[in-house]
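Undergrad: Coordinates only, no sequence provided:
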């Protein structure tokens, strides 16, 4: 195919419009998502309903490794009910990938939980999806898999 200056100029303009229209994550976005992920761990550990509410999107879909799926209200109610208590909880090897107004976070979830006289030691792979809503990163979805 013969390409002249007009074709090249048109292609360059089209490429520029595509690039200008695509969202590019600011370096601070990754740090903010990481900070929110760590704040989520702290809020879950301390059963802080106000912090979990602030960090979570209204549309939250929170799925557990036993296939239960909770909306925002149910997740917060269950996480802060006092029926169980975290004795230890770590989010290890956190990886954050920001793509426009969405962030993909993966990490290893390990801890010890006590419900009555029964202790459990979850060992999970976690996937979190964060979305920038009104300049704030909110947890939109969470999924876990037993390791």
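TA: Received the coordinates, thanks. It should be emphasised that the depicted structure is a prediction, and the values quoted were computed from it without experimental measurement.

Undergrad: Every contact and neighbour count from this point should use C-alpha atoms.
TA: Noted.

Undergrad: Is residue 98 in contact with residue 106, as I believe?
TA: No. Judged on CA atoms under 8 Å, residue 98 makes no contact with residue 106 at a distance of 11.8 Å.

Undergrad: Need the single longest helix in the protein, by residues.
TA: Counting residues, the longest helix found in the chain (DSSP state H) is helix 27-46.

Undergrad: which residues are in contact with that helix?
TA: The contact list for helix 27-46, computed with CA atoms under 8 Å, 6 or more residues apart in numbering, reads 49, 51-52, 55, 79-80, 85-91, 94, 96-98, 103, 130, 137.

Undergrad: in that helix, what counts as buried?
TA: Residues of helix 27-46 classed as buried: 29, 30, 33, 34, 36, 37, 40, 41, 42, 43, 44, 45 (neighbour count, 16 or more other CA atoms under 10 Å).

Undergrad: ok, now stretch 59-76?
TA: So, applying 16+ other CA under 10 Å, buried residues of stretch 59-76: 60, 61, 62, 63, 65, 70, 72, 75, 76.

Undergrad: Pick the one among the residues you listed closest to residue 120.
TA: Using CA to CA, residue 65 comes nearest to residue 120 of the buried residues of stretch 59-76, at 13.3 Å.

Undergrad: Let me know the pLDDT of residue 13.
TA: pLDDT for residue 13: 42.

Undergrad: Could you do residue 52 as well?
TA: Note on residue 52: pLDDT of 98.

Undergrad: tell me the pLDDT at the residue nearest to it when sequence neighbours are not counted?
TA: Excluding the flanking residues, the one nearest residue 52 by CA to CA, 6 or more residues apart in numbering is residue 43, at 6.0 Å. pLDDT recorded at residue 43 is 98.

Undergrad: Among the buried residues of stretch 59-76, name the least confidently predicted one.
TA: Comparing those by pLDDT, residue 65 comes last, at 94.

Undergrad: Let me know the secondary structure of that one.
TA: coil (DSSP: H, G, I helix; E, B strand; the rest coil).

Undergrad: Mind checking what secondary structure residue 82 has?
TA: coil.

Undergrad: Run a quick neighbour tally on it.
TA: 12 (other CA atoms under 10 Å).
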